[in-house]
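A.B. asks: Turn this into a model:
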Amino acid sequence: MNLVFVRTQRRAMQPPGLDLPHNGRRWLRHLATWVLCAHLGWTGGLAIGSQEQAKQEPFEATLSAAATWNPTPEELDEALDKWVRQFVTYIITDEERSIFEALPTAVQKLAFTERFWDIRDPTPGTLHNEYRQEHFERWVIAVRRFSAGKPGWSTDRGRVFIIMGAPNNLQRNPTGRGPNERASEVWTYNLPVNPLLPGVLDLNFVDFKGTGDYELVSDLDAAASIVSKQFGYVESPLDVYALRRHASQIYDENFLIYRFTDPTVVAQDFLQFQSNLREILRIPEIHKERLEGLRRGNVETGVVFDAFPISRAVEFYGGIAGSTAVQITLALEYNELTAAEVGFNSHFSTDTYVALERDGEVVVQDEKRLNFTLTGDELEQLGGTQILHTFQLLAPPGEYDLVVMARDNTSDRLGRRVESVTVPDFTIPGLRLSSLTLASHLEPVNMRANETPRDFQIGDMRVVPNVSRTYYQDQSLLLYVQAYGLALDPQANTNRVTLRGEIRRNGEAFRQIPAQYPAPAPMTRQSFSLGMPLAGYRPGVYEVVLVLEDELAGERVEVSTDFAVLPPARPAGGR
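C.D. replies: From the prediction side, this is the model:
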């Protein structure tokens, strides 16, 4: 395997004032989904747009705005603060909370939120995180059903619902169970997750103030009574315990008799109630512990916020026998690798894995191990670079989950990302184009007979993708694309095509790409490579559009992609 280092370039197309890593947009989308729900649920969450607009828009339609949420640094700080104090306050462990609060930057805290859900995912390696979805739905229901002068998530019923879900049985007493009783509810859970809880657990709630804020109590009989002949007014769960603790007899208003009560038994019952509460609060921790040994590849999942970062580029080209070639390039940050000292040199080792899955089953996969040793001088030169791994998988066209994993073997840090991809079908009749590849390096390759293709080789070209999708003003924009289904002249048996295009900025034409007229060739598929200097381009985000016209078939097809231009500020010594 050829070891390729490329100079890391700052990522573009980020929210204003934020410098997010490659997958920061996905992290933001997950956080924004809760932010928007907090707003719609009137919980005191962040406001996205006007209140009037939020009430008018359908709930699902508003959630779709999460994909385009671009917070300022201040808004992101506020959202992260409320995330830990409101959204996950009942399910985050003390250790995790301490780690989160100690992180110095918003970007690190944002990365923590994603790792927080990943280690609780019961089906790692799939697109859906059932635990996050379940918690999200419980939180929204708690907000909508149990708000009573304060956010629903902060009430006793909201807390129990978020932790334990809906009860197996619910007894509502909106006017009390009889005369002179407060409104109450009894929630019954059968076989709770925590084995230290009773097999049938009854939780009693009483509305002491008549505001709809039902408080959790240990004794419904005493707490629900508005006035007790024995105790007088009962105003809170604490009153119930304090008054019963010092009474030898309790007057039963229903049967008009006094019942003897042992204060010690009352105290024991209350302590058992408190013990049950502690075990209820441990349920989220038990869920997390059960998943510790179930990660893909038996990966350790301790509380680590800084998973090994992976950037990736995915391109699709025509394959063989009806399959499509899926080229996946992984970029590992050199500065994130941990070295093992070997004499005066530094040894590095990484494992990478890619797979296309469908319905949880692996369709095609590949993995590689890379070991290399660097001298001290080489270490200094490689600061701020990326190491590229390339894979080429052949897969039938269709919808897949792309699973990418990378491990730094010295530190045992693991990075994983899963995303949905659509593998196109290039065998469909008509003119078709491959992915438009942004390249950091292009060069022709002269293949000898029976020679194994080199890394990054596509046909007769070596195409090293620009994973960061950014260029400097003193570089050239390098493009590569393949065309399929070209018509052939019946007499000359050659094709005849024209390639042209333009660069756009903010949706408007910025610069034209001169038309190219490749020499007619006896091929129904052909590759094209272009290079354009970026001198004169202002820093910013651009779109490149290529248009291919088949003059013989009268067909026209186009392909486009975005890229960013940065000022010429590369450090010296890169390669």
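
A.B. asks: Neighbours of Val541, how many?
C.D. replies: 16 (other C-beta atoms under 10 Å). C-beta here means a position set from N, CA and C on the backbone, and glycine is covered the same way.

A.B. asks: Give me the contacts around the host helix or strand of it.
C.D. replies: In the assignment (DSSP states H and E), Val541 maps to strand 540-550. For strand 540-550, contacts defined as C-beta atoms under 8 Å, 6 or more residues apart in numbering pick out 12-13, 431, 433, 436, 477, 479, 481, 483, 486-487, 495-505, 507, 510, 513, 528, 530, 555-565.

A.B. asks: do stretch 154-164 as well
C.D. replies: Outside stretch 154-164, the residues touching it (C-beta under 8 Å, 6+ apart) are 86, 90-91, 135, 138-139, 141-143, 145-148, 151-153, 185, 187, 189, 192-193, 203, 205, 213-216, 280-281, 283-284.

A.B. asks: Now list the buried members of those.
C.D. replies: 86, 90-91, 135, 138-139, 141-143, 146-148, 151-153, 185, 187, 189, 192-193, 203, 205, 213-216, 280, 283-284 (16 or more other C-beta atoms under 10 Å).

A.B. asks: Those in strands, which ones?
C.D. replies: The strands, defined by DSSP state E, take in 185, 187, 189, 203, 205, 215-216 from these.

A.B. asks: State the pair within those residues that is farthest apart.
C.D. replies: Spanning the widest gap among those are Tyr189 and Glu215, at 18.2 Å by C-beta to C-beta.

A.B. asks: Closest one of the ones in strands among the buried ones among the contacts of stretch 154-164 to Thr410?
C.D. replies: For those, the nearest to Thr410 is Tyr189 (46.4 Å; C-beta to C-beta).

A.B. asks: Touching, the closest one and Pro167? I think so.
C.D. replies: Yes: at 5.5 Å, Tyr189 counts as touching Pro167 under the criterion of C-beta atoms under 8 Å.

A.B. asks: got any residues that touch both of these two?
C.D. replies: Leu203.

A.B. asks: Output the lowest mean pLDDT helix or strand found in this protein.
C.D. replies: helix 51-56 (a mean of 34; mean pLDDT, DSSP states H and E).

A.B. asks: How many neighbouring residues does Thr324 have?
C.D. replies: 21.

A.B. asks: Ala515 too?
C.D. replies: Applying other C-beta under 10 Å, I find that Ala515 has 11 neighbouring residues.

A.B. asks: do Arg85 as well
C.D. replies: Count around Arg85 with other C-beta under 10 Å applied: 12.

A.B. asks: Would you map out the domains in the chain?
C.D. replies: Domain segmentation of the chain under automatic domain parsing yields 1-10+309-427, 11-145+284-298, 155-277, 429-575.

A.B. asks: which regions of this structure sit below the pLDDT cut-off?
C.D. replies: 1-30, 32-69, 124-127, 193-196, 221-307, 383-384, 447-451, 569-575 (pLDDT under 70).

A.B. asks: Break down it into its helices, ranges please.
C.D. replies: 24-40, 51-56, 59-63, 73-82, 94-102, 106-118, 130-146, 156-164, 220-224, 237-245, 263-281, 283-291, 376-381 (DSSP state H).

A.B. asks: So Val418 versus Ile428, what's the distance?
C.D. replies: 28 Å (C-beta to C-beta, to the nearest Å).

A.B. asks: Over to Arg145?
C.D. replies: 51 Å.

A.B. asks: again with Val467
C.D. replies: 29 Å.

A.B. asks: if you count what's nearby, which of the two comes out ahead?
C.D. replies: Val467 (21 against 10).

A.B. asks: That one contacts Arg312, doesn't it?
C.D. replies: Yes: at 6.8 Å, Val467 counts as touching Arg312 under the criterion of C-beta under 8 Å.

A.B. asks: any shared contact partners between the two?
C.D. replies: Common neighbours of Val467 and Arg312 (C-beta under 8 Å, 6+ apart) are 329, 331.

A.B. asks: which residues pair with Asp401 across the strands?
C.D. replies: Per DSSP bridges, residues listed as beta-bridge partners of Asp401: Glu357, Ser420.

A.B. asks: Pull the number of nearby residues for it.
C.D. replies: 20.

A.B. asks: quick revisit: can you redo the ones in strands among the buried ones among the contacts of stretch 154-164 as CSV, where the extra columns are distance to Val544?
C.D. replies: Listed next are these as CSV, based on distance: C-beta to C-beta, whole Å:
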residue, distance to Val544
Glu185, 62
Trp187, 59
Tyr189, 58
Leu203, 61
Phe205, 61
Glu215, 62
Leu216, 61
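
A.B. asks: Closest one of the residues you listed to Ile328?
C.D. replies: For these, the nearest to Ile328 is Tyr189 (46.1 Å; C-beta to C-beta).

A.B. asks: Just give the closest residue to the closest one, not the sequence neighbours.
C.D. replies: Leu201 (4.6 Å; C-beta to C-beta, 6 or more residues apart in numbering).

A.B. asks: who are the neighbours in contact with the one you found?
C.D. replies: 188-190, 192, 276.

A.B. asks: which among those residues gets closest to Leu374?
C.D. replies: Pro192 (54.6 Å).

A.B. asks: In space, what's closest to the closest one - neighbours in sequence excluded?
C.D. replies: That would be Leu201: by C-beta to C-beta, 6+ apart, it lies 5.5 Å from Pro192.
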